[in-house]
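S.K.: Test case, fold it:
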Amino acid sequence: MARLMHLILLLSGQCSPKCLLVFVGTKQGADQYVITPQTLSWTAAREYCRTKCTDLASLRNDADQQMVQKVASGLEVWVGLFRDPWEWSDQTDASFRYWKADQPVWTGDSQNCVALLKQQSGRWGDRACTETHPFLCDCSE
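M.R.: Alright, predicted model coming up:
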């Protein structure tokens, strides 16, 4: 039923022309992941996702990471992780980690948001939240 509802929402035009449906399936219920090629700052991307879907994507385990890495298809995209301390934008714990190998320990700079890095095979890298990138929304029910 939830998959049908997501399909109806998609076909009804509630997904803007600037977004691409990249995954419809199940993961603890029906989820819909939408990658938006429009480039926004992390904060603007989070607000966009919260308005159109539920939030930026939260990656809970290796299976989520691998699926999202395939979906990103080499793009450097925002996901919902930020430093406050590290937590997902939906305010859940971020115990799963997939940092690039040479990711430095935080030195107090302004790189407080996380993107999947195209040059690092989808590993995570911290970035200044003001940078602009495409982003991945989680449009789950």
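S.K.: C-alpha from now on. contacts and neighbour counts both.
M.R.: Fine.
S.K.: Could you point out which residue ranges in this protein have low pLDDT?
M.R.: By pLDDT under 70, the weakly predicted segments of the chain are 1-31, 103-109, 141.
S.K.: For it, which segments count as strands?
M.R.: 20-26, 30-40, 55-56, 77-82, 87-88, 113-116, 124-127, 133-138 (DSSP state E).
S.K.: what about Y33, how many neighbours?
M.R.: 21 (other C-alpha atoms under 10 Å).
S.K.: That one and Q91, how far apart?
M.R.: Y33 is 19 Å from Q91, where distance means C-alpha to C-alpha, to the nearest Å.
S.K.: Counting neighbours, which bits of stretch 85-99 end up buried?
M.R.: Buried residues in stretch 85-99, counted by 16 or more other C-alpha atoms under 10 Å: 86-89, 94, 99.
S.K.: next one: stretch 59-77
M.R.: Buried, per 16+ other C-alpha under 10 Å, within stretch 59-77: 59, 65, 68-69, 71-72, 75-77.
S.K.: So which of these is the closest to L117?
M.R.: Using C-alpha to C-alpha, E76 is the member of those that lies nearest L117, at 4.9 Å.
S.K.: wait, doesn't the closest one sit right on Q120?
M.R.: No. Contact criterion C-alpha atoms under 8 Å: E76 and Q120 do not qualify, at 9.6 Å.
S.K.: Quick one: the helices in this structure, in order.
M.R.: Along the chain, the stretches classed as helices by DSSP state H are 2-11, 42-52, 62-72.
S.K.: ok, I35 touching V79?
M.R.: No. With contact defined as C-alpha under 8 Å, I35 does not count as touching V79 (10.2 Å).
S.K.: Overlap in contacts, the two.
M.R.: Common contacts of I35 and V79 (C-alpha atoms under 8 Å, 6 or more residues apart in numbering): 135-137.
S.K.: hmm, back to that, okay, among the buried residues of stretch 59-77, which ones form the most distant pair?
M.R.: L59 and L75 (16.6 Å).
S.K.: The closest residue to Y33 other than its chain neighbours - how many residues pack around it?
M.R.: Leaving out its chain neighbours, the residue that sits closest to Y33 by C-alpha to C-alpha, 6 or more residues apart in numbering is D138, at 4.8 Å. D138: 22 surrounding residues under other C-alpha under 10 Å.
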